[in-house]
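# test case, fold it:
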Amino acid sequence: AGASIYFINGSSVPLKKVQQLVHEEYQIAIDNLCTFLPQDRVGSFSGFNPQMLLQETEKSLSGSQHLFKTHLEHVELEN
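Numbering: from 1, shown residues only. Here you go, the predicted structure:
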């Protein structure tokens, strides 16, 4: 397993830059899921691996699950 690579507007950036952008633009502290997830879902997150954690977080962010569906489409494009 390799290290994670993050991009903003097509440019590779460090994780800190992603966290800063998300915090400034959306007021979400992504290093603390409990601050923005429905409380009934928080308990189940402790047993997830990083991939499951990302997917479940994406699902929790909106009722339409647009972000999650877009992510799945991008994964399919890479396969």
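# what residue is smack in the middle of the protein?
Geometric centre of the chain, nearest residue: Leu54, 4.6 Å, by C-alpha atoms, centre = their mean.
# for it, which residues are in contact?
By C-beta atoms under 8 Å, 6 or more residues apart in numbering, Leu54 lies in contact with His71. The way it works is simple: take the backbone N, C-alpha and C, and place the C-beta from them, glycine included.
# wait, a strand at it?
No: under the criterion used here (DSSP: H, G, I helix; E, B strand; the rest coil), Leu54 is helix, not part of a strand.
# tell me the first helix or strand C-terminal of the helix or strand hosting Phe7.
Using DSSP states H and E, Phe7 sits in strand 6-8. Using DSSP H and E, the helix or strand that directly follows strand 6-8 along the chain is strand 11-13.
# re earlier: now do the buried residues in the strand holding Phe7.
Buried residues in strand 6-8, counted by 16 or more other C-beta atoms under 10 Å: none are found.
# what do you get for stretch 61-70?
Buried residues in stretch 61-70 (16+ other C-beta under 10 Å): Leu61, Phe68.
# point out where this structure drops to low pLDDT.
1-2, 32-42, 62-63 (pLDDT under 70).
# repeat the analysis, applying 80 as the threshold.
1-2, 26-46, 57, 60-65, 79 (pLDDT under 80).
# just the helices from it, written as ranges.
Per DSSP state H, the chain carries helices over the ranges 15-26, 39-42, 50-60, 66-78.
# fine by me, we can end here.
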